[in-house]
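Asks: no sequence for this one, just the structure:
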């Protein structure tokens, strides 16, 4: 037996030994897994039941919980809640709020007749104190009823992978004044809290759990998304302690591993002897041939492989397939270069066609299709509280008159002159031609900040063109403009901003017409 064959045999021995160890370990774990599976499923059901129970109660509160979340996350440093309170204290806090609310708003209903944001600070704090005491007490009672060790509500912050503990049954005293510490923030890396973040991102209950080893011991944590009226608020978390593994189960598993290990070693030894005698030598020869092909890329080696591996066993069949593969690779590589060049040309043509589809044929700027695409991108960003933009609607006046009096070619000149003027003034914003005589500008960044100045510059330029005596009539373009600013408090789409801009543009058009008639 050659040195090379001995080396290959040793490798097979290592591989077989590795799989023997794996098989023995897996077989030994079967007993443990089967006996602990039912217990684990029962605990998972228990955790999901408490999360669902708490979620249903919060869902019933609806707007009240949203009011509470919005206010406490912004003003938690100023809210004073006792570290310890009883059911009677919660009732007193509720009655105090209800009494004060009735004094200020007789026969009114919160959320229906009176908006939360319209209430005075004193009343908002009374409402928040009662709500927090109520929910904290609810979570503590649910934990005891379901025999869990920890329940909470956490809300993500703007900082990546950071959570604020909104409702936390672990009460901690605030150092500055001795009241209950609220809205504790902590970093929750995705690697160790994947189920938490997957639940938040998907808005659905995900399979599995996060494993923690902390002050509460070794625990499983399950999560439930808190969604109210289609708005993701946070995540409800519940944790339970991992049960100890019974010693008798572990002993039985170890004995099973020993018995199976002895049997596998005997079988593997016999199998290795057969493989070494009947297959390894052929595999080594095939390996040498393939290596020679990879080094020289000489397809003639395929003929040598076919000649050296005559037979009907698996290795001979493999050798013939390798030989066929070498011939196919040779032909494939020849055609691949040709196909790559054709594919590159096709991609360039597609890219060029896409660019043309997004451009206005007359002015060369982006068209209605490009505008619709940009609108979709902006609406995807509307959940971002920092989003700022405005829309300028611009309409060329008297285009129909120019076309009728001087011809469509002069009308096209007027359109191009207006396009040039708009692009020059709003040089930091995208400009779109969405109709024959209509242009839209989406103002962002510096153009957004100086929109009023740009509005005045545009009207001034239009006025000066009308007063220029050495221009032809179709060059003295007249245009109306209206600018509307996105307001997240009532704008739920770009279209609402667009409509306001269009309305302001029409008002400007009427003003200009009235001025000319005077």
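Replies: Ah, there it is. Nothing here was measured: the structure is a model prediction, and the numbers come from that model.

Asks: and residue 437, its phi and psi?
Replies: phi -120, psi 20 (degrees, to the nearest 10).

Asks: the host helix or strand of residue 154 packs against which elements?
Replies: Assessed by DSSP states H and E, residue 154 sits inside strand 150-156. With contacts defined as 3 or more CB pairs under 8 Å, 6 or more residues apart in numbering; DSSP states H and E, strand 150-156 has these neighbours: helix 121-145, strand 162-168, strand 217-228, strand 231-241. Where C-beta positions appear, they are placed from N, C-alpha and C, glycine not excepted.

Asks: tell me the strands beside it, with direction?
Replies: In the sheet, strand 150-156 lines up against strand 162-168 (antiparallel), strand 231-241 (antiparallel) (DSSP bridges).

Asks: give the rounded mean pLDDT of it.
Replies: Mean pLDDT, computed over strand 150-156, is 89.

Asks: mind listing what's buried in it?
Replies: 150, 151, 152, 153, 154, 155, 156 (16 or more other CB atoms under 10 Å).

Asks: wait, what's in contact with the first one?
Replies: To tie it back to what came earlier, the one meant is residue 150. 143, 169, 170, 216, 219, 221, 237, 238, 239 (CB atoms under 8 Å, 6 or more residues apart in numbering).

Asks: can you tell me which of these is nearest residue 209?
Replies: residue 221 (5.9 Å; CB to CB).

Asks: show me what contacts the closest one?
Replies: Here residue 221 is in contact with 150, 195, 196, 209, 210, 211, 212, 237, 238, 239 (criterion: CB under 8 Å, 6+ apart).

Asks: what's the weakest-modelled helix or strand in this structure?
Replies: helix 314-357 (a mean of 67; mean pLDDT, DSSP states H and E).

Asks: downstream of it, the next helix or strand is which one?
Replies: Past helix 314-357, the next helix or strand by DSSP H and E is helix 368-380.

Asks: dump the helices and strands packed on strand 150-156 to a markdown table, plus distance to residue 471.
Replies: Output for the helices and strands packed on strand 150-156, formatted as a markdown table (distance: least, CB to CB, whole Å):
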| stretch | distance to residue 471 |
| --- | --- |
| helix 121-145 | 61 |
| strand 162-168 | 60 |
| strand 217-228 | 61 |
| strand 231-241 | 55 |
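
Asks: can you say which of these is nearest to residue 16?
Replies: Taking those one by one with CB to CB, strand 217-228 is closest: 35.9 Å.

Asks: what lines up beside that closest one in the sheet?
Replies: Using DSSP bridges, strand 217-228 pairs in its sheet with strand 210-214 (antiparallel), strand 231-241 (antiparallel).

Asks: looking at the ones you listed, which is closest to residue 416?
Replies: strand 231-241 (46.7 Å).

Asks: so the closest one versus helix 121-145, what angle?
Replies: 40 degrees (axes from the mean of the first three to the mean of the last three CA atoms, to 10 degrees).

Asks: after strand 231-241, which helix or strand is next?
Replies: Trace forward from strand 231-241 with DSSP H and E and the next one is helix 247-278.

Asks: so residue 211 touches residue 220, yeah?
Replies: Yes. Counting by CB atoms under 8 Å, residue 211 does reach residue 220; the two are 6.4 Å apart.

Asks: neighbour-wise, which of these two wins?
Replies: Set residue 211 next to residue 220 and count neighbours by other CB atoms under 10 Å: residue 220 wins out with 19 against 12.

Asks: excluding residues flanking it in the chain, which one is nearest the more buried one?
Replies: Leaving aside its chain neighbours, residue 220 sits nearest to residue 209 (4.4 Å; criterion: CB to CB, 6 or more residues apart in numbering).

Asks: next: residue 455.
Replies: Once flanking residues are discounted, residue 455 sits nearest to residue 483: 5.5 Å by CB to CB, 6+ apart.

Asks: buried residues in the helix or strand containing the one you found, which are they?
Replies: Using DSSP H and E, residue 483 maps to strand 479-485. If you call a residue buried by 16+ other CB under 10 Å, then strand 479-485 has these buried ones: 479, 480, 481, 482, 483, 484.

Asks: redo the strands paired with strand 150-156 as JSON lines? Include distance to residue 400, mean pLDDT and mean neighbour count.
Replies: Listed next are the strands paired with strand 150-156 as JSON lines, based on distance: least, CB to CB, whole Å; pLDDT from 0 to 100; neighbours: other CB atoms under 10 Å:
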{"stretch": "strand 162-168", "distance to residue 400": "58", "mean pLDDT": "89", "mean neighbour count": "21"}
{"stretch": "strand 231-241", "distance to residue 400": "47", "mean pLDDT": "86", "mean neighbour count": "21"}
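
Asks: which one of those strands lies closest to residue 15?
Replies: strand 231-241 (40.5 Å).

Asks: can you count the residues close to the residue nearest to residue 220?
Replies: 21.

Asks: relative to residue 238, how far out is it?
Replies: The gap separating residue 209 from residue 238 is 10 Å, by CB to CB, to the nearest Å.

Asks: and the pLDDT for the residue most central in space within the chain?
Replies: Geometric centre of the chain, nearest residue: residue 201, 6.0 Å, by CA atoms, centre = their mean. pLDDT for residue 201: 92.

Asks: that one: which element?
Replies: helix 194-202.

Asks: list the buried residues of that helix.
Replies: Here helix 194-202 shows 195, 196, 197, 198, 199, 200 as buried, counting by 16+ other CB under 10 Å.

Asks: contacting residues for the residue nearest to residue 155 when sequence neighbours are not counted?
Replies: Excluding the flanking residues, the one nearest residue 155 by CB to CB, 6+ apart is residue 234, at 3.8 Å. Contact analysis of residue 234 by CB under 8 Å, 6+ apart lists 69, 153, 154, 155, 156, 166, 200, 226.
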